[in-house]
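Engineer: got a sequence here, can you model it:
(chains A and B)
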Amino acid sequence: MEAVTTPKGTNEEILQRMIVQYQTELLRMCYLYLQDTSLAEDAVQETFLRAYRAIQDFRGESSEKTWLIRISINICRDMQRSAWLRHIDRRITPDMLPEASVAFEAKDEELIMSVMNLPVKLREAILLYYFQNMSVKEIAASLGISSPTVSNRLKRATKKLRIVLEGGHYYE
Amino acid sequence: MNEQKLREQFQHAVQTRLSGLEPNPCLAQRVMARSEKAKQKNTKRSFGLILAIVLTLALAGAVAAVIHWNVMEFVFGAEKPEATFLVKNIEAQTSDGQVTLTVNSILCDGEMLALDWTVCNAKPASPVFLQLERLHANGAVLQSDGNDGFDGQWLPGGSNEGTLQDGEIIRLPSEAEGDLLNFEMTVGVYHPRKPVYIMNRFNEQEAQKKTEEGYYILAEGDGFVLPDPETGGLMHCFGGINENELESYERTELVVSCKLNLSKARAACINLVTEPHYQMEGLTVKYTKAKLTPVAFYLTLEITGGDFEQYNTLVGNGQFILTDGEGTPFEHPSDYYEAGGYTEADGSTVWRSSHMILDISADELPKTMSLSLLGDDPAVKYVFPVKLPAE
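Structural biologist: Now for the predicted structure:
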């Protein structure tokens, strides 16, 4: 993760810089979590709103990026818990993914699909560990669970991903 | 595939396949506008209301601090009042003096059983390997859904914390059809007999040296350091406890058991109305389960009267999907599904498809639905209607 510093500038300047720096990455993470583009956009907007309101309280105890990731993961979790989302089976198929603007290989799509089709608890661990490069301890703090629980979920998720990536298959 | 390679591959996949997710150029303005709007609203609140909110939050904080991990949170991600009567808070605890297993609560609707548990190692400096070895209900072996819980895990693993908290969702077998359920969970705890040497990264030379000095090596908080039969050196491998290495550990066993009375759960279950059987290309189709409980909706369908080749020919070019009575895919597809061919005790063959949707009520289901076989060719559609009973 990044070095820990306290943000400099006016609140508006800090917000604009953070948006330029982190918006795309947070959008992709929220999309992978929520499996829906417009929900992901809402989550990112809410993330920056909460961050903007709390800039003066941010003491640089974690990196700015970790702080934003924590906020957005909490928002995604709240959205995921909403009755509407829990009632939707979001088994993702390739045609449901947004159109790519650069060339990609079939294995890239397969990996994205495999991650998105993981159960949410395993998916959030994978996103924070492999995409956001957070440590097990940081993930545990962000998700409010113990480090062994994070390790356990990572292990299970990785096992499932490896089955897909290394040629296994699920029935049906 | 190693961890670093998986990380690089995943990050590359996100950057390419999700490259179409574009940033919003007006986001900063929108955020500031929303913040300004909220500020204006806030200034209109009276002091009394603010005080009330502060007091309420303080109270809520106090309540939250005493509510621990519970099975509702684990299964639904929230409280579900209409299913509360199906929860039994058992607080069953067992310990071998170092490791304590606590099953906090159990949720059972007669079809599935969910439990939340905590395992705590009181001596984090002495890691133990935990293995979930048996789940039994009325003597029958149960299978976890595989998404939660653990099958083998060091505690502490890759950290210094000694607590592992998670849960299991288990479908009950036919042996558990009565009103009484005896449930038992057995966890094997493996204490290395030698002093444990912890390596953050596996290094064969260092592992070799420490092994010769009489240490048990735990590398990267996971797996086992064992002799490599090919090189004669040491290797870092994963999985469960190797049977040939059992003497390296002192094994203790943690067993938690409880008895549940399922009569209330059975009484709350709604049985759907099905035909005794349906026909499909000369084969017999029958629902063996069609139920709605306060926890979930369950449908299991069996095809009999043929052999595996016939079943595969039919099912191989399509899928069983939850649909309405016309064969239109249902807007809430399954949370859990399995399908496959089985040989029964009498030698006959059956093809079975089971589906479950968690947390759905009768109001959200169509009056007629079906587990339909929809072919890859849209002309192939077999619908087997079931109905909610008339009120």
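
Engineer: for chain A, just list every one of the helices.
Structural biologist: A:11-34, A:37-54, A:64-81, A:83-86, A:106-116, A:120-126, A:136-143, A:147-165 (DSSP state H).

Engineer: now these in TSV, with mean pLDDT, mean neighbour count and distance to chain B?
Structural biologist: (Each C-beta comes from the backbone N, C-alpha and C, glycine too.) What follows is the helices of chain A, written out as TSV (pLDDT from 0 to 100; neighbours: other Cβ atoms under 10 Å in any protein chain shown; distance: least, Cβ to the nearest Cβ, whole Å):
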stretch	mean pLDDT	mean neighbour count	distance to chain B
helix A:11-34	91	20	4
helix A:37-54	88	20	5
helix A:64-81	81	21	4
helix A:83-86	40	14	6
helix A:106-116	89	18	4
helix A:120-126	87	22	7
helix A:136-143	80	20	5
helix A:147-165	79	22	3
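
Engineer: nearest to residue B:113, of the ones you listed?
Structural biologist: When those are compared by Cβ to Cβ, helix A:120-126 sits nearest residue B:113, at 18.6 Å.

Engineer: on contacts alone, who are the packing partners of that closest one?
Structural biologist: Secondary-structure packing of helix A:120-126 (3 or more Cβ pairs under 8 Å, 6 or more residues apart in numbering or on different chains; DSSP states H and E): helix A:11-34, helix A:64-81, helix A:106-116, helix A:136-143, helix A:147-165.

Engineer: with distance to residue B:260 added, can I get the helices of chain A in JSON lines?
Structural biologist: Shown next, in JSON lines, are those (distance: least, Cβ to Cβ, whole Å):
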{"stretch": "helix A:11-34", "distance to residue B:260": "35"}
{"stretch": "helix A:37-54", "distance to residue B:260": "38"}
{"stretch": "helix A:64-81", "distance to residue B:260": "27"}
{"stretch": "helix A:83-86", "distance to residue B:260": "25"}
{"stretch": "helix A:106-116", "distance to residue B:260": "36"}
{"stretch": "helix A:120-126", "distance to residue B:260": "25"}
{"stretch": "helix A:136-143", "distance to residue B:260": "30"}
{"stretch": "helix A:147-165", "distance to residue B:260": "26"}
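
Engineer: would you turn the helices and strands packed on helix A:120-126 into a markdown table with distance to residue B:384?
Structural biologist: Putting the helices and strands packed on helix A:120-126 into a markdown table (distance: least, Cβ to Cβ, whole Å) gives the following:
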| stretch | distance to residue B:384 |
| --- | --- |
| helix A:11-34 | 34 |
| helix A:64-81 | 33 |
| helix A:106-116 | 30 |
| helix A:136-143 | 42 |
| helix A:147-165 | 31 |
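
Engineer: closest to residue B:237 out of the helices of chain A?
Structural biologist: helix A:147-165 (13.8 Å).

Engineer: centre of the chain to stretch B:266-274, how far?
Structural biologist: 25 Å (Cα atoms, centre = their mean, to the nearest Å).

Engineer: hang on, I meant stretch A:123-141
Structural biologist: In terms of Cα atoms, centre = their mean, the centre of stretch A:123-141 is set 9 Å apart from its chain centre.

Engineer: restricting to C-alpha, output it in PDB.
Structural biologist: Output in PDB follows, covering the C-alpha atoms of stretch A:123-141 (Å, rounded to 0.1, in the frame of the first residue of the first chain):
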ATOM      1  CA  ARG A 123     -15.100 -12.100  -3.300                       C
ATOM      2  CA  GLU A 124     -14.400  -9.200  -1.000                       C
ATOM      3  CA  ALA A 125     -11.400 -10.900   0.400                       C
ATOM      4  CA  ILE A 126     -10.000 -11.600  -3.100                       C
ATOM      5  CA  LEU A 127     -10.700  -8.000  -4.200                       C
ATOM      6  CA  LEU A 128      -8.800  -6.500  -1.300                       C
ATOM      7  CA  TYR A 129      -5.900  -8.900  -1.300                       C
ATOM      8  CA  TYR A 130      -5.200  -9.400  -5.000                       C
ATOM      9  CA  PHE A 131      -6.600  -6.200  -6.500                       C
ATOM     10  CA  GLN A 132      -5.900  -3.600  -3.800                       C
ATOM     11  CA  ASN A 133      -2.800  -5.300  -2.500                       C
ATOM     12  CA  MET A 134      -3.900  -5.000   1.100                       C
ATOM     13  CA  SER A 135      -2.400  -7.300   3.700                       C
ATOM     14  CA  VAL A 136      -4.400  -9.900   5.600                       C
ATOM     15  CA  LYS A 137      -4.200  -7.600   8.700                       C
ATOM     16  CA  GLU A 138      -5.500  -4.600   6.800                       C
ATOM     17  CA  ILE A 139      -8.300  -6.600   5.300                       C
ATOM     18  CA  ALA A 140      -9.300  -7.900   8.700                       C
ATOM     19  CA  ALA A 141      -9.400  -4.400  10.000                       C
END
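
Engineer: the helix or strand containing residue B:133 and chain A in contact?
Structural biologist: Element membership for residue B:133, per DSSP states H and E: strand B:128-137. No - using Cβ under 8 Å from any Cβ of the partner chain, strand B:128-137 stays clear of chain A, with a minimum separation of 9.4 Å.

Engineer: what helices or strands is that strand leaning on?
Structural biologist: strand B:112-121, strand B:153-155, strand B:163-171, strand B:180-192.

Engineer: change it to 10 Å
Structural biologist: Judged by 3 or more Cβ pairs under 10 Å, 6 or more residues apart in numbering or on different chains; DSSP states H and E, the packing partners of strand B:128-137 are strand B:99-108, strand B:112-121, strand B:153-155, strand B:163-171, strand B:180-192, strand B:249-261.

Engineer: wait, which of these is closest to chain A?
Structural biologist: strand B:163-171 (4.2 Å; Cβ to the nearest Cβ).

Engineer: can you tell me the centre-most residue of chain A?
Structural biologist: residue A:29 (3.4 Å; Cα atoms, centre = their mean).

Engineer: from the chain's centroid, how far away is stretch B:380-391?
Structural biologist: Counting by Cα atoms, centre = their mean, stretch B:380-391 comes out at 29 Å from the chain centroid.

Engineer: swap in stretch B:319-335?
Structural biologist: Taking the mean C-alpha point of stretch B:319-335 and that of its whole chain, the gap between them comes to 22 Å (Cα atoms, centre = their mean).

Engineer: good, wrapping up.
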